[in-house]
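**Q** predicted model and sequence below, questions to follow.
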There are 2 protein chains.
Amino acid sequence: MNTELTREYVNELRAIIDQRNDHAALEMLGDMHPADIAEVYGNLSIDEAKYLYLLLDPEKASDVLVELEEDDREKFLEVLPPDVIATQFIHHMDSDDAADVIGDLTEEKKQEVLLHIDDVEQAGDIVDLLSYDEDTAGGLMAKELIRVNVNWGVATCIREIRKQAKDVDEVYFIYVVNDENVLLGILSLKSLLLASASTKVRELYEPEVRSVRTDTPSEEVAQIMEKYDLVVLPVTDSIGRLMGRITIDDVVDVIRDEAERDYQLASGITADVETTDSAARLSRARLPWLIIGLLGGIVVAAVIGRFEEDIQINPEMAFFIPLIAAMAGNVGIQSSAIIVQGIASNSLGLESTFRKLVKEFMVALLNGLILSGLLFLYNFFFSDSLALTLTVSASLFVVIVFAALFGTLIPLALYRMKFDPALATGPFITTMNDIMGLFIYFLMGRLLYAVFI
Amino acid sequence: MNTELTREYVNELRAIIDQRNDHAALEMLGDMHPADIAEVYGNLSIDEAKYLYLLLDPEKASDVLVELEEDDREKFLEVLPPDVIATQFIHHMDSDDAADVIGDLTEEKKQEVLLHIDDVEQAGDIVDLLSYDEDTAGGLMAKELIRVNVNWGVATCIREIRKQAKDVDEVYFIYVVNDENVLLGILSLKSLLLASASTKVRELYEPEVRSVRTDTPSEEVAQIMEKYDLVVLPVTDSIGRLMGRITIDDVVDVIRDEAERDYQLASGITADVETTDSAARLSRARLPWLIIGLLGGIVVAAVIGRFEEDIQINPEMAFFIPLIAAMAGNVGIQSSAIIVQGIASNSLGLESTFRKLVKEFMVALLNGLILSGLLFLYNFFFSDSLALTLTVSASLFVVIVFAALFGTLIPLALYRMKFDPALATGPFITTMNDIMGLFIYFLMGRLLYAVFI
């Protein structure tokens, strides 16, 4: 059942597309899942993909459109006229997918597409959803859900569900509201299935229901669904009226995206890129951090430049420049990473910043002692200069402590100031720590050489 | 409904625990969700937590046990006798949670606990589950599910579901099997609810069902559920018999863990640690990479040592050591990160390794030209030495190209050799690139200084 995309398959398909053999092409797509078709598209040229796309029936084509990578989707939508988008594609989509697709269009095209949607209710739902910030519960939710009134009986319920269920792909829960549409609780299909026809919703429903508000940030939504193992979460407005529901699959994307963004920031890549992107795009995504790194390197060069004479007299000082710089960077990144991850998974706990710093300080003292001890032993046996041996070990110790404290403080400070704490990882902190570390190193060198020679 | 843990709350609770006021303590826990109670525990000392834990009724205590962080859980289980674990806690758990808890015990205690489980069927399920590798579908799945025979009618079905549903927390789908327990398809509760009593399962069920085998790696399970937006996925043995089912909440944990592991490897942390862990544990988790970094730094020092005379004559060569080292590291990590992420999200596409290298080469050429151009301009205006200007720019260019190629090749090679490609990020590649980069830098310096002075 699980389709593994092979190179042979793609080559065969491309040959068929080349011959413009509609029948054979459709046959090759067979009854593949839209997500698989979207994956096939990722391996075709835009023209080949467009050809295939227009062969599909509109309902399947809509599903594929939803599954496509965002930039591939934008390319497709650019070439399609607004009325085709509205009547052929949007028509078959759930409100949240439709809002995502329409949200990517230019302002002008967005209006045109909305005007072409026949179903007034759907158009209304989409306009409602577009008004929410993308990164909030409102931006994640879909309008399609099954709601029943708390005063109904089971028989009325089943009739209503039959009517409403047409719009909803998969029913996990039925939401119970009062006459004002205020969310009161949930009714599981299981309990409905096992109840007798004369029972009232009032007696069956579960009044304890976890919900979020439309303005809850999507990261918080993800944390709540993850913590309480929820498959679907209702969304209410500020006075508790039921507005929509978020399903776990949308939240899985939020979790994945968040993790990828942190990872990319830590590795110095600024935009969402993949190996399959073009060289120019890959280059652009990496240049910003590299340029920061370059500028940092130039500042470091200027710092070392102030110690030119020291180097001329004791050129062996230069040998350990990379070691000091690398250790400052590594220690700083380790400290930041733990904070960034703690923030992302909401597991920082209630320890105060001060206690975190104290603990980080202890860790740094311990690691600093061990590492500079090791380095001292090495130099003691393999270097002729006692001054060098002392300088390198002592400054390594000091540098490790400073780097750990900076690494802890900076992401916490960024977080307090509402910046993304992950900015602290990556080239930024490395560069800062390089500058600090080498300054300490040469200063200490000047001091210790004066004493020991 | 969403409980936000505050420091005031924890302080108040600790005061109550201090007074050993059972009633007030239970009142403070109120009807909190087990996940919230587990979070409270994370902020208490082990003695305080133990006291609270023994106040809870066994069913709730079991749920809390499942929600606890793994190391907190181990501490709890160590002090509880096997018969209490079996009869009070395991008894109330789903088979997958029970297997997770028992799997963490020592071999001896594991056997004792298993012997104390009264429910023979549950004990059998747990033993079955323990036999699977933790990182496979078998290790993730639960045995509890609702299965119906394809030959039954709707009335029989509902009767059976009523019977089986007691064991299953939430019912999303009903699995349809033949007389040999081979999985044939699924039946949604929705279709059952809307069908008349005389309909047969045969006419209602959906024969297309995605499933995995017990030996499918958990990362692949996560990719499949994510790609096809599945909430639950049935697991079969090698001849298609239905063995269990995996729910999305378990997979969310897999995704989160995988992302965290990659992130931690990239930041040079070897074990799963959190800010709330002890200083000694935090230190141990970081030392291995730091020691590798230190050894690398010593090798780099030896490499530079071979160019001691060059530095003595041209001490300005030393100024740009950190710049070259940092750029080599940054470029290498960027290249590796894209590959590691592509592997993790299964989005590498079908491009061959060769094409990836060619593309990476193009990106490196482009970035290398821009960056060494910028550096050339800076040095041209601010440095007196043409030889230095040329050396720094030319070697930066060469180093960027090499670092990018290494950064791409090494994670791909690790992946081919079945190692974790994320090992390539972090201090390992940085150190390698430092050595390579500085060797190129000084070699080029010797060459260019000979020509231009």
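**A** Yep, it's here. This structure is a prediction, so every number in the text was calculated from the model and none was measured.

**Q** ok, now which ones touch A:Arg434?
**A** One thing to correct before we go on: residue A:434 is Asp, not Arg. When contacts are counted by CB atoms under 8 Å, 6 or more residues apart in numbering or on different chains, A:Asp434 touches A:Gly296, A:Gly297, A:Val300, A:Ala325, A:Ala328, A:Gly329, B:Pro322, B:Ala326. The way it works is simple: take the backbone N, C-alpha and C, and place the C-beta from them, glycine included.

**Q** right, I mislabeled it, should have said A:Asn314
**A** A:Asn314 makes contact with A:Ser385, A:Ala387, A:Leu388, A:Gly445, A:Tyr449, according to CB under 8 Å, 6+ apart.

**Q** what's near enough to touch A:Ala49?
**A** Taking CB under 8 Å, 6+ apart as the test, what A:Ala49 contacts is A:Tyr41, A:Asp72, A:Phe76.

**Q** next, give phi and psi for it.
**A** Backbone torsions for A:Ala49, taken as degrees, to the nearest 10, come to phi -60, psi -40.

**Q** ok, back up a step: so which of the contacts of A:Asn314 are in helices?
**A** If you go by DSSP state H, these have A:Ala387, A:Leu388, A:Gly445, A:Tyr449 in helices.

**Q** of these, which is the most crowded?
**A** The most crowded member of the ones in helices among the contacts of A:Asn314, judged by other CB atoms under 10 Å in any protein chain shown, is A:Gly445 (23 neighbours).

**Q** make sure A:Ile37 is actually in contact with A:Glu67.
**A** Yes - using CB atoms under 8 Å, A:Ile37 and A:Glu67 qualify as a contacting pair, with a distance of 7.5 Å.

**Q** contact residues of the stretch 101-250 of chain A facing chain B?
**A** The stretch 101-250 of chain A comes close to chain B at residues A:158, A:161-162, A:165, A:170-172, A:188-190, A:192-194, A:208-212, A:224-231, A:247-249, as judged by CB under 8 Å from any CB of the partner chain.

**Q** which residue packs closest to A:Glu67, ignoring adjacent ones?
**A** Distances taken as CB to CB, 6 or more residues apart in numbering or on different chains place A:Ala38 nearest to A:Glu67, at 3.7 Å, with adjacent residues excluded.

**Q** isn't that neighbour right up against A:Arg73?
**A** No - contact status for A:Ala38 versus A:Arg73: not in contact, 9.1 Å apart, counting by CB under 8 Å.

**Q** from the chain's centroid, how far away is the host helix or strand of A:Arg14?
**A** In this structure, A:Arg14 sits in helix A:7-18 according to DSSP states H and E. Mean C-alpha position of helix A:7-18 versus that of the full chain (CA atoms, centre = their mean, to the nearest Å) differs by 33 Å.

**Q** run a quick neighbour tally on the closest residue in space to A:Met141 that isn't next to it in sequence.
**A** Excluding its sequence neighbours, the residue lying closest to A:Met141 (CB to CB, 6+ apart) is A:Gly244, at 3.5 Å. Neighbour count for A:Gly244, taken as other CB under 10 Å: 24.

**Q** mind checking how far the residue of the stretch 51-200 of chain A at minimum distance from chain B is from B:Leu412?
**A** Of all residues in the stretch 51-200 of chain A, A:Leu189 sits closest to chain B, at 4.3 Å by CB to the nearest CB. As judged by CB to CB, to the nearest Å, A:Leu189 and B:Leu412 stand 47 Å apart.

**Q** and for A:Val363?
**A** To B:Leu412, A:Val363 is 34 Å away according to CB to CB.

**Q** try A:Ile117
**A** Taking CB to CB as the measure, A:Ile117 falls 46 Å from B:Leu412.

**Q** in the strand or helix carrying A:Asp262, which residues are buried?
**A** Following DSSP H and E, one finds A:Asp262 within helix A:248-266. Across helix A:248-266, burial judged by 16 or more other CB atoms under 10 Å in any protein chain shown covers A:248-252, A:254-256, A:258-260, A:262-266.

**Q** likewise stretch A:29-37?
**A** Neighbour counts over stretch A:29-37 (16+ other CB under 10 Å) mark A:Leu29, A:Met32, A:His33, A:Pro34, A:Ala35, A:Asp36, A:Ile37 as buried.

**Q** can you give me the pLDDT of the last one?
**A** I take that to be A:Ile37. We have a pLDDT of 87 for A:Ile37.

**Q** mind checking how far it is from B:Ala266?
**A** Separation of A:Ile37 from B:Ala266 (CB to CB): 33 Å.

**Q** closest to chain B out of the ones in helices among the contacts of A:Asn314?
**A** Nearest to chain B among these: A:Leu388, at 10.1 Å, using CB to the nearest CB.

**Q** about what we covered before: the residue nearest to A:Met141 sits in which helix or strand?
**A** Assessed by DSSP H and E, A:Gly244 sits inside strand A:242-247.

**Q** of the contacts of A:Asn314, closest to B:Ala279?
**A** A:Gly445 (30.2 Å; CB to CB).

**Q** list the contacts for the residue nearest to that closest one when sequence neighbours are not counted?
**A** Distance criterion CB to CB, 6+ apart; nearest residue to A:Gly445, sequence neighbours excluded, is A:Thr391 at 4.4 Å. Shown in contact with A:Thr391 (CB under 8 Å, 6+ apart): A:Met317, A:Tyr441, A:Met444, A:Gly445, A:Leu448, A:Tyr449.

**Q** ok, the first one touching A:Arg446?
**A** No - A:Met317 lies out of contact with A:Arg446 (CB under 8 Å); the separation is 9.5 Å.

**Q** need the overlap of contacts for these two.
**A** The contact sets of A:Met317 and A:Arg446 overlap at A:Phe307, A:Asp310 (CB under 8 Å, 6+ apart).

**Q** more neighbours, those two?
**A** Shown here are A:Met317 and A:Arg446; by other CB under 10 Å, A:Met317 has more neighbours (26 against 16).

**Q** per-residue pLDDT, the more buried one?
**A** Listed pLDDT for A:Met317 reads 89.

**Q** check A:Leu374 too.
**A** Model confidence at A:Leu374, given as pLDDT, is 94.

**Q** for it, which non-adjacent residue is closest in space?
**A** Nearest non-adjacent residue to A:Leu374, counting by CB to CB, 6+ apart: B:Leu294, 6.3 Å away.
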